[in-house]
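> quick one, what's the 3D model for this:
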Amino acid sequence: MPLLTEVAEWDVLKGFRLLFCCSIAIQLVFRFTHIIRFQIATSQDSSSEIPKIMRVISVPRFSSGSFKVVLAALIITLVLSATGPLPAFFLLLSSILSLVVFSAVWELSYIHTKANLIPVILFMLALLPYHDLPLGQTPIWPLRLIQVLVAAVWFSSGLGKVKLSGFRWATGKPLRAYLLEHAAFGDLKRAQRLAGHERICRYAAAATLVLELTFPLILIPKFAVFYLSAALTFHLFNFLVMRIDFFSFFCPAYLSFLIAFVPTGPGPSAVSVTDTVAFAGCGLIILFHGFCAFGFRTFWPFQAFAYYSRWATPDSVQVSRLALHNVDGSTSWIKPLDTYQPKWFYYGMMRRLWYNQPFESFVIGRALAADPSLRNGLDTILVMQISFSRNEDGSFQSKQELFHEIQRDSAPA
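Model prediction:
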């Protein structure tokens, strides 16, 4: 079995483990305060969603102190997984803690669908018996399987576009609609301006669809540099234009492609039972990942990655945001703690309207989750509806209309 016996001249597994775990730990340290603030805000909002792990295990709503301990424990175990003794034990513990932490703050923009691979990769690394091998004896198949995970994410995103929108997605209309949605949710003028350039959006949409559907070619070493460069360019575009952050918790998985730059060769011809068992365990994870990604099923953290795949057109964009009617008569937006908070509010309110359910308490809960300082006042909360009209030059202009008005002192608790 050449796949199991190919080895690298360097200890690439140890290098990947060090870089991957430390990059995640550094991001968590850097964002520690923001994650805690978000968890405190959403834990007091019963409408915020906490997914069940594998649809079975419920994650409790932690108190602020308890969640700080769990988050700090995750950071410590990640560092120990990279540099300490007993790496398999700490990798397994890191995998479990990451599931708990990411589930509790699942709605965070830089975690939602971006951090799914982290607990999976940590668990796969924990299954491996290769944590202290001499140079020239490190098998590379674990990193090959992690590459398959990454390629499956990209391919499932393209497959989702074809499934939900057909190849019409390449016309650029859904991309322009998503640009306008993000512009409305986050006052992103750059996204609004770009949506007015029809030809550029059409070319960008077509290139994105081609990139996603052909991304499995990255598994061929000679194509790795091209697809890595294209992927990082794609992430940079999304970050600059729509503030979608894949760099923090998704891009560390790309470190598995560094073996494309490491000399490899044949290793021992005999395959041990330990190798076979570890490969079988990791292979089952890959198969289940593919089952969810290509079958459009969700068993958190396994899921399809078709988040921006539905058919939409610029003239269909209509979103809602929260604003305050101040005492002096002025109106101001309620600044969210996170980029995706206005989006989750909009979807949650639409669900209540579709099912003819009361939504005043939901609106107040989301307003307080965005800005806890509002608890001390009795301001009037406005639900503003935002849509776009097209000018003669092709650019878009936003329109704001009052959808609903709620007096804090008279709304239900």
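
> and for the closest residue to residue 58 other than its chain neighbours, the neighbour number?
With CB to CB, 6 or more residues apart in numbering as the criterion, residue 58 has its nearest non-adjacent residue at 5.4 Å, and that residue is residue 52. Where you see a C-beta, it was placed from the backbone N, CA and C, and this is true even at glycine. Burial of residue 52 is recorded as 12 neighbouring residues (other CB atoms under 10 Å).

> how close does residue 100 get to residue 71?
Residue 100 is 9 Å from residue 71, where distance means CB to CB, to the nearest Å.

> looking at these two, which is more packed in?
A count of neighbours by other CB under 10 Å puts residue 71 above the other of residue 100 and residue 71, at 23 against 19.

> what's near enough to touch the residue nearest to that one when sequence neighbours are not counted?
Leaving aside its sequence neighbours, residue 71 sits nearest to residue 101 (CB to CB, 6+ apart; 5.6 Å). Applying CB atoms under 8 Å, 6 or more residues apart in numbering, we find residue 101 in contact with 35, 67, 70-71, 74.

> what comes up buried for the helix or strand harbouring residue 101?
For residue 101, the host element (DSSP states H and E) is helix 87-104. By neighbour count on 16 or more other CB atoms under 10 Å, the buried set for helix 87-104 is 87, 90-104.

> phi and psi next, for the residue nearest to residue 58.
The phi/psi pair for residue 52 (degrees, to the nearest 10) reads phi -80, psi 140.

> longest helix of this structure?
helix 141-165 (DSSP state H).

> chain center to it, what's the gap?
Computed by CA atoms, centre = their mean, to the nearest Å, the chain-centroid distance of helix 141-165 equals 14 Å.

> from residue 108, how far off is residue 23?
17 Å.

> also residue 157?
20 Å.

> same question, residue 381
Here residue 381 is placed at a distance of 23 Å from residue 108 (CB to CB).

> and what of residue 301?
In terms of CB to CB, residue 301 sits 14 Å off from residue 108.

> also residue 273?
Counting by CB to CB, the gap from residue 273 to residue 108 is 42 Å.

> list the contacts for the residue nearest the centre of the chain?
With distances taken as CA atoms, centre = their mean, residue 114 lies nearest the centre of the chain, 2.2 Å away. Contact analysis of residue 114 by CB under 8 Å, 6+ apart lists 245-246, 248-250.

> any idea which of these is closest to residue 337?
For those, the minimum distance to residue 337 (CB to CB) is 14.5 Å, reached by residue 245.

> wait, is that closest one part of a helix?
No. The assignment for residue 245, made by DSSP: H, G, I helix; E, B strand; the rest coil, is coil rather than a helix.

> now for it: which residues touch it?
109-110, 114, 239.

> related to what we said a few turns ago, which parts of the longest helix of the chain are buried?
Across helix 141-165, burial judged by 16+ other CB under 10 Å covers 141-162, 164-165.

> quick one, domains of the chain?
Domain assignment of the chain by automatic domain parsing yields the ranges 2-295, 317-407.

> doesn't residue 384 lie inside a strand?
Yes. Assessed with three-state DSSP, residue 384 lies in a strand.

> what's it in contact with, if anything?
By CB under 8 Å, 6+ apart, the contact set of residue 384 is 320-323, 400-403.

> gap between stretch 232-246 and the chain center?
12 Å.

> if we can go back for a sec, neighbour-wise, give me the winner out of the contacts of residue 114.
The residue in those with the most neighbours, by other CB under 10 Å, is residue 249 (25 neighbours).

> how close does that one get to residue 124?
Taken as CB to CB, the span from residue 249 to residue 124 is 17 Å.

> name the residues of stretch 24-39 that are buried.
Within stretch 24-39, the residues that qualify as buried are 24-25, 27-28, 31, 35, 38-39, counting by 16+ other CB under 10 Å.

> turn those residues into a markdown table, including secondary structure.
A markdown table is the format used below for the buried residues of stretch 24-39 (three-state DSSP):
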| residue | secondary structure |
| --- | --- |
| 24 | helix |
| 25 | helix |
| 27 | helix |
| 28 | helix |
| 31 | coil |
| 35 | helix |
| 38 | helix |
| 39 | helix |
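
> which one among those gets closest to residue 331?
Nearest to residue 331 among the buried residues of stretch 24-39 is residue 38, at 25.4 Å by CB to CB.
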